[in-house]
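Trainee: coords below, sequence missing:
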């Protein structure tokens, strides 16, 4: 969609990191990193195991304080309250209760984060290929299906910036296509995403960049 | 776009935690049954003389309910910590302390409230003097939420550690002792006909203070545990 890209292009970066670094107990984990994420962009964070990809996402989501550098969200300094209205984090753990059904888990997420216009729990579950599993406790789903429920959460909550930590893990070929499709749709609506991967997956989304990350020396 | 208000977020936390307790009602009933068993077993061990039992009845009920609350405390944040839902709570745009207050309220409702309701029966089993019963119930109504709130802060501090059971007990014990002293003091004073208002007022003051401060302390401790 060139017309749309042209409209988005001059806008300010959604997320901008300057000299961002994180150390745990004086031991540097990653950084310093400089990057900007504009609406309509997907950035693939690439690095080996232990290179700090997950830590980077946790810093960007506001769970961890950066040790050095600054993060700006839409041109203003980041605070947790502002951040959480715009950012959705998909971590290693599904972030869902195993004893509750997919529908109950998603309703809870909506209660916490709000709901996008024209979205419904049933539609979101159908979109991730889980029609018919609405009222099954998550415990009985496979690891890949749990991941799909977590992806359905992204479709429901209003967040411009997606931080996805290894979204392809546990997914079959159809699931990988699904993630790419969801990302395409998200950036086409002016969203942006930061995706980590250790490089094993082919990444097909259109407007994507790569951000290599190495353990800090 | 529907934005979530803090009220709806609290309602969501409340509803979800109650639903979780209901889904695992077998496990959730454990602390309540534990307290009932302890109280039912004392007369067998001490002999059934009413004079002896009635003197220690209030103390037994208080200690049993205190320990029952402790049993369920360790799971208060641990499950949420392990499955990542705690991160979602921290990331939500609402005051974390408010959401945690809802979780603590559910803990109190499901472990302490059933025992307070059963307190008249338990007191009768141990021959507690009738005129002490209202004081015992008042003490429990003020004391058990206080125990839940204090306990939650300690659990929040230790949730990031593996095998924190021992540490949790060491942290909690000195904080629980004053609550127990004031609670038992009110009951004992009532039993021998002395004024019992001042220990009750102390409990009330401590409850008011911890209602405001404990959820904030919990939120700060959990943010540290998550980093």
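Mentor: Looks like it came in fine. Given the structure is predicted, the values throughout are model-derived calculations rather than measurements.
Trainee: shaky segments in the chain?
Mentor: Going with chain A. A:1-11, A:78-84, A:198-208, A:215-217 (pLDDT under 70).
Trainee: switch to chain B, please.
Mentor: Within chain B, the ranges that satisfy pLDDT under 70 run B:1.
Trainee: up against chain A, what does it have?
Mentor: Proximity of chain B to chain A, by C-beta under 8 Å from any C-beta of the partner chain, involves residues B:1-4, B:8-9, B:11-13, B:15-16, B:19-20, B:23-24, B:79, B:82-85, B:87-94, B:226-227. For every residue, glycine as well, the C-beta is placed using N, CA and C.
Trainee: the helix or strand hosting residue B:155: which residues count as buried?
Mentor: Residue B:155 is part of helix B:133-158 when elements are defined by DSSP states H and E. For helix B:133-158, a neighbour-count test (16 or more other C-beta atoms under 10 Å in any protein chain shown) marks B:133, B:135-136, B:138-158 as buried.
Trainee: just to revisit the earlier point, now, of the residues of chain B next to chain A, which are buried?
Mentor: Looks like the residues of chain B next to chain A have B:4, B:8-9, B:12-13, B:15-16, B:19-20, B:23, B:79, B:83-85, B:87-94, B:226 buried, using 16+ other C-beta under 10 Å.
Trainee: residue boundaries of the strands in chain A?
Mentor: Secondary structure of chain A (DSSP state E): strands at A:15-24, A:27-37, A:42-46, A:68-73, A:76-77, A:87-90, A:161-164, A:192-197, A:208-212.
Trainee: point me to the residue of chain B nearest chain A.
Mentor: The nearest approach of chain B to chain A comes at residue B:12, 2.5 Å away (C-beta to the nearest C-beta).
Trainee: just say helix, strand or coil for that residue.
Mentor: Secondary structure, DSSP: H, G, I helix; E, B strand; the rest coil: residue B:12 is helix.
Trainee: chain neighbours aside, what residue packs nearest to it?
Mentor: Distances taken as C-beta to C-beta, 6 or more residues apart in numbering or on different chains place residue A:111 nearest to residue B:12, at 2.5 Å, with adjacent residues excluded.
Trainee: is it true that that neighbour touches residue B:2?
Mentor: No. Assessed by C-beta atoms under 8 Å, residue A:111 is found out of contact with residue B:2, at 10.3 Å.
Trainee: now for the most centrally placed residue in chain B: which residues touch it?
Mentor: Central residue of chain B (C-alpha atoms, centre = their mean): residue B:148, 3.3 Å from the mean position. For residue B:148, the contact set (C-beta atoms under 8 Å, 6 or more residues apart in numbering or on different chains) comprises B:69, B:73, B:104, B:107, B:108, B:111, B:112.
Trainee: out of those, which is most surrounded?
Mentor: Most neighbours among the contacts of residue B:148, by other C-beta atoms under 10 Å in any protein chain shown: residue B:111, with 28 neighbours.
Trainee: so that residue belongs to a helix, correct?
Mentor: Yes. Residue B:111: assigned to a helix according to three-state DSSP.
Trainee: pull the contacting residues for it.
Mentor: Residue B:111 sits next to B:31, B:32, B:68, B:69, B:71, B:72, B:148 when contact means C-beta under 8 Å, 6+ apart.
Trainee: verify the contact between the fourth one and residue B:144 for me.
Mentor: Yes. Here residue B:69 lies in contact with residue B:144, judged by C-beta under 8 Å, at a distance of 6.5 Å.
Trainee: joint contacts of those two?
Mentor: Between them, residue B:69 and residue B:144 share these contacting residues under C-beta under 8 Å, 6+ apart: residue B:112.
Trainee: would you confirm that residue B:103 contacts residue B:15?
Mentor: No. Using C-beta under 8 Å, residue B:103 is not in contact with residue B:15; the gap is 11.9 Å.
Trainee: now render the contacts of residue B:148 as JSON lines, adding secondary structure.
Mentor: Shown next, in JSON lines, are those (three-state DSSP):
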{"residue": "B:69", "secondary structure": "helix"}
{"residue": "B:73", "secondary structure": "helix"}
{"residue": "B:104", "secondary structure": "helix"}
{"residue": "B:107", "secondary structure": "helix"}
{"residue": "B:108", "secondary structure": "helix"}
{"residue": "B:111", "secondary structure": "helix"}
{"residue": "B:112", "secondary structure": "helix"}
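Trainee: can you report how many residues lie near the one residue in chain A that gets nearest to chain B?
Mentor: Distance from chain B to each residue of chain A (C-beta to the nearest C-beta) is smallest for residue A:111, at 2.5 Å. Neighbour count for residue A:111, taken as other C-beta under 10 Å: 23.
Trainee: quick one on the thing from earlier: and the next helix or strand past the helix holding residue B:155?
Mentor: helix B:165-191.
Trainee: show me what the most centrally placed residue in chain A is bridged to.
Mentor: Centroid-nearest residue in chain A, with C-alpha atoms, centre = their mean: residue A:163, separated by 2.3 Å. Beta bridges link residue A:163 to residue A:89, residue A:194 when assigned by DSSP bridges.
Trainee: what sits against it?
Mentor: Going by C-beta under 8 Å, 6+ apart, residue A:163 touches A:57, A:60, A:61, A:87, A:88, A:89, A:90, A:193, A:194.
Trainee: redo that, cut-off 10 Å
Mentor: By C-beta atoms under 10 Å, 6 or more residues apart in numbering or on different chains, residue A:163 lies in contact with A:15, A:45, A:56-58, A:60-61, A:87-91, A:192-196, B:91.
Trainee: for residue B:217, see how far away it is.
Mentor: Per C-beta to C-beta, to the nearest Å, residue A:163 is found 29 Å from residue B:217.
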